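Chemist: Sequence first, then the predicted structure, then my questions.
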Amino acid sequence: MKKNVIQFLQGCAGIAGILLLWTIASKTGIFGRIDQKSAQLLLPMPNVVAGELSEMLKSGYLLSNIWVSMQRVLIGFGIAVAVGLPLGILMGMSTTLRNCLYPVIRFFSPIPGVAWVPLAILWFGLGNNAAIFIIVMGSLSPIIVNSLQGVLNVNQQLYDVMHMMEASHWQVIVHCIVPSIIPYIVSGFKLGLGFAWRVVIAAEMVGVPKGLGYVLSVGRSTANTSVTLITIISLGVIMMLMEEVLFRFLEKRTSKWKTWE
Amino acid sequence: MAIIIKNITKSFTKNDNSGQLAILNDISLEISNQEFISFVGPSGCGKSTLLRIIAGLLTPESGSVEVDGVPVKKPESDRMMVFQDYVLFPWQTVEKNIAMGLKMAGKDREYIDRKVKWAIEMIGLQGFEKSYPHQLSGGMKQRVAIARALVMNPKILLMDEPFGALDSYTKMKLQSELVQLCAKKEFTTCLVTHDSEEAVFLSDRIVVFTGSPARIQEIISVDLPRPRDRVSKEFIAVRDHILSLTTSGMTDHI
Ligand SMILES: Nc1ncnc2c1ncn2[C@@H]1O[C@H](COP(=O)(O)OP(=O)(O)OP(=O)(O)O)[C@@H](O)[C@H]1O
Ligand SMILES: [Mg+2]
């Protein structure tokens, strides 16, 4: 309890430090690199940005665009999970399938999701579908690779136990494979969701209308630095909330499963 | 059930793929109904492999295993195996672990509950029904593993060094409990062990293997009355005989 409080205060100190650094940089024109006047424009003070933020929140502009990006991420990520999870599990179970598909996945996985943007825009036009396509391409491979890895790491002796109990294929999947790979799935999802956000921002910045990335690029083209800063902060907050709420919960529940080996 | 092992041969591909490594060479053995038989021999000689073949988890290259005249082709739930490292399901509680096999077999709830309750009492883990494996000691986990096998009412119990990782006090306690279980004459037992005292304490017969590839060196019948006295002269004589067989040749290298 006390430890937590101290940790929390230390975290706050870190954030305060950043704000202080920001203020100094703004006041000194990025440590003297630019003159005072343009510093007000290029790196506005935190309180100016905060004012702008409350404006954007009031008008609903920020939240509605976050919601647009979020929807794209959820749909794209959902598709990636729906395809990637069963595929990864099946690849783990069947050597033939694994040998056929693994080279393909190895080829595609290092390609950054953003690289699909031009094709996606050509194929799907400037809209949701393009964004969703890019997200799927960007987040599919960590999901497949992690669930595959999970299946390959299932304790072989658990299979022996299942077989001795004359379990069916389906029972082996439900009672043995799925629970075994949950820790792997969680880290796959984490990676996948991270990629999904990165990729959707990039896609929105280069042309897909609406969304956080779009706000970011509008901020840039209208030289409104506050907007750019606000977008960056929003992204950080969203990612952190996702970590804390979703994954911390899942990891806490499954972390002890790994310690049994 | 009686087990007849006929001319079993098994080899594995060597790690460097340079060819086959013969593990079991023409092993034949007859185990009668409700007998308690132990396999001892040097590490790596193929005892676990033989046990897995009897379980139906591995197929031999040649030869066969017959249980009451029926050839073993695949694992079946009336032959249950207890593994050296427990192999419990870490995400399930003690009672769920024990119930697993019954659930797979589609038994009804009431039957499962009754069986699990019986098993928990038998292994003395009342109060730990809702515990997870990582909250149990090694000896408790091994009890759960044994209970999980026994609730299936196996006709054959295969145990691969079940007490190998336990301290000697827990080990002796579980050995005595096993003697009582076996006295009920419900199953045939094959036990792999490194512990010659354990073998003498538990077995009707002890099969001593020689290493690579494994052959049967000698089969020793133990005709002492149960429960056996670990410090009696006869007990020690048999134990020492096994020790001398399993350690013969060792001193040559030292
Ligand atoms: N799946 C496998 N693939 C290749 N070689 C194997 C495999 N399983 C076992 N072996 C080899 O077969 C030999 C016998 O193994 P086994 O586990 O049956 O020995 P063991 O008598 O039970 O030994 P221990 O007493 O140490 O448990 C060993 O040399 C081992 O390396
Ligand atoms: Mg072994």
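Modeler: Thanks, I have it. Ligands and ions are numbered 1, 2, ... in the order given.
Chemist: pLDDT-wise, which helix or strand of chain B ranks last?
Modeler: helix B:250-253 (a mean of 55; mean pLDDT, DSSP states H and E).
Chemist: Can you get me a residue count around A:G11?
Modeler: 10 (other C-beta atoms under 10 Å in any protein chain shown). (Each C-beta comes from the backbone N, C-alpha and C, glycine too.)
Chemist: A:L101 too?
Modeler: With other C-beta under 10 Å as criterion, A:L101 counts 17.
Chemist: do you know how far it is from A:L87?
Modeler: To A:L87, A:L101 is 8 Å away according to C-beta to C-beta, to the nearest Å.
Chemist: Please apply the same query to B:S176.
Modeler: 52 Å.
Chemist: Those two: which is more packed in?
Modeler: A:L87 (18 against 15).
Chemist: Can you tell me, leaving aside adjacent residues, what's nearest to the residue in the stretch 101-250 of chain B that chain A sits nearest to?
Modeler: Of all residues in the stretch 101-250 of chain B, B:G101 sits closest to chain A, at 4.0 Å by C-beta to the nearest C-beta. Of all residues not flanking B:G101 in the chain, A:M165 sits nearest, at 4.0 Å (C-beta to C-beta, 6 or more residues apart in numbering or on different chains).
Chemist: Any chance of the backbone angles for B:T9?
Modeler: phi -130, psi 140 (degrees, to the nearest 10).
Chemist: got a list of what it touches?
Modeler: Going by C-beta atoms under 8 Å, 6 or more residues apart in numbering or on different chains, B:T9 touches B:A22, B:L24, B:N25, B:D26, B:I27, B:P60, B:E61, B:S62, B:G63.
Chemist: With A:V48 instead?
Modeler: A:S226.
Chemist: Please identify the helix or strand for B:L157.
Modeler: strand B:156-160 (DSSP states H and E).
Chemist: now what about the next helix or strand after that strand, what contacts it?
Modeler: Sequence order places helix B:168-183 as the next helix or strand after strand B:156-160, per DSSP H and E. Residues outside helix B:168-183 that contact it (C-beta under 8 Å, 6+ apart): B:36, B:122-123, B:138-139, B:142-143, B:146, B:150, B:162-163, B:166, B:189, B:195, B:198, B:201-202, B:226-227.
Chemist: so how far is B:Y132 from the closest residue to A:Q149 other than its chain neighbours?
Modeler: With C-beta to C-beta, 6+ apart as the criterion, A:Q149 has its nearest non-adjacent residue at 5.7 Å, and that residue is A:Y184. Note on A:Y184: its distance to B:Y132, by C-beta to C-beta, is 20 Å.
Chemist: Who has more neighbours out of those two?
Modeler: Set side by side, A:Y184 and B:Y132 show more neighbours around A:Y184, with 23 against 19, by other C-beta under 10 Å.
Chemist: What's the local residue count around the residue of the stretch 101-250 of chain B closest to chain A?
Modeler: 24.
Chemist: Look at the closest residue to B:Q135 other than its chain neighbours and give its secondary structure.
Modeler: Closest residue to B:Q135 apart from its sequence neighbours, by C-beta to C-beta, 6+ apart: B:F128 at 8.0 Å. Following DSSP: H, G, I helix; E, B strand; the rest coil, B:F128 is assigned to coil.
Chemist: now B:M80
Modeler: strand.
Chemist: my guess is it meets B:V151, correct?
Modeler: No: with contact defined as C-beta atoms under 8 Å, B:M80 does not reach B:V151; the gap is 9.1 Å.
Chemist: what residues do the two have in common as contacts?
Modeler: B:G101.
Chemist: which one of those two has more residues nearby?
Modeler: Taking other C-beta under 10 Å, B:M80 and B:V151 do not tie; B:M80 has more neighbours (27 against 24).
Chemist: Tell me the bridge partners for the more buried one.
Modeler: Here B:M80 sits in beta bridges with B:L157, going by DSSP bridges.
Chemist: if I look at it, how far off is ligand 1?
Modeler: Taking C-beta to the nearest ligand atom, to the nearest Å as the measure, B:M80 falls 18 Å from ligand 1.
Chemist: so what pLDDT did that residue get?
Modeler: At B:M80, the pLDDT value in this model is 95.
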